[in-house]
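Engineer: need a structure here:
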Amino acid sequence: MELRKVRMAVDMGAESIMDLSNYGKTNTFRKQLIDMSPAMIGTVPMYDAIGYLEKDLLEITAQDFLKVVEAHAREGVDFMTIHGGYQSPCGRSFMREGRRMNIVSRGGSIMAQWSMIHEQENFLYSHWDEICSILAAYDIAVSIGDGLRPGSVADANDFASWRSWKCRGT
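Structural biologist: Numbering: from 1, shown residues only. Reported below is the predicted structural model:
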């Protein structure tokens, strides 16, 4: 069914396809997708990490995640979204202030949970140079996922949003 959707999208002129797979044999699907589609293919390794590694979020390390990034790269994707924009100080601000829509970014919520559980900085941020080295070696473009983007107008200019932008500049 998913490959049929891709064919339809390409037939209608899509130039890129985002693979948001997160369950099952994701690498098998991704290989089929890359083989059949002339469009650029993007992924979000954070979505795939738990299923790909067959580990609980509690057990995933930065090195584990780097293996997932490298696996996606070896499979031939063209771009990846990496949720390196979420940093612990931003998350603490978010938790204090609250929001109407909570964290709406799936990758941001996974990273926030990991950071809180381990009481550590987002490993996507602290291992950014290693991630960029992998992406550069395979000529893959990066999209920085906004982990605390607002999900409603009510949250659009809240403290967490502004703090998130400030964190990225530090």
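Engineer: OK, contacts around the closest residue to Met46 other than its chain neighbours?
Structural biologist: The shortest distance from Met46 to any residue other than its chain neighbours is 4.3 Å, reached at Gly107 (C-beta to C-beta, 6 or more residues apart in numbering). Bear in mind the C-beta positions are built from the backbone N, C-alpha and C, glycine included. In this structure, Gly107 makes contact with 44, 46-47, 81, 83, 145, 147, judged by C-beta atoms under 8 Å, 6 or more residues apart in numbering.
Engineer: Now intersect those with the helices, please.
Structural biologist: Secondary-structure check on the contacts of Gly107 using DSSP state H: residues within helices are 46-47.
Engineer: Pick out whichever of the contacts of Gly107 sits closest to Gln63.
Structural biologist: Distance from Gln63 was checked for each of the contacts of Gly107 by C-beta to C-beta. The minimum falls on Met46, at 14.8 Å.
Engineer: What is the neighbour count of the closest one?
Structural biologist: Using other C-beta atoms under 10 Å, Met46 has 28 other residues around it.
Engineer: what's the pLDDT at it?
Structural biologist: In this model, Met46 is scored at 88, pLDDT.
Engineer: repeat for the one 10 residues further on
Structural biologist: We note a pLDDT of 86 for Asp56 in this prediction.
Engineer: Gly169 now?
Structural biologist: 51.
Engineer: For the helix or strand Cys132 falls within, buried residues please.
Structural biologist: Take DSSP states H and E as the rule and Cys132 turns out to sit in helix 128-137. Of the residues in helix 128-137, those with enough neighbours to count as buried (16 or more other C-beta atoms under 10 Å) are 130-131, 134-135.
Engineer: In TSV: these, plus pLDDT and distance to Lys55.
Structural biologist: Formatted as TSV, those follow (pLDDT from 0 to 100; distance: C-beta to C-beta, whole Å):
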residue	pLDDT	distance to Lys55
Glu130	95	19
Ile131	94	19
Ile134	97	20
Leu135	97	23
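Engineer: Closest one of those to Ser152?
Structural biologist: Closest approach to Ser152 among these (C-beta to C-beta): Ile131, at 30.4 Å.
Engineer: Quick check: the closest one touching Asn122?
Structural biologist: No. At 11.4 Å, Ile131 and Asn122 do not qualify as touching, with contact defined as C-beta atoms under 8 Å.
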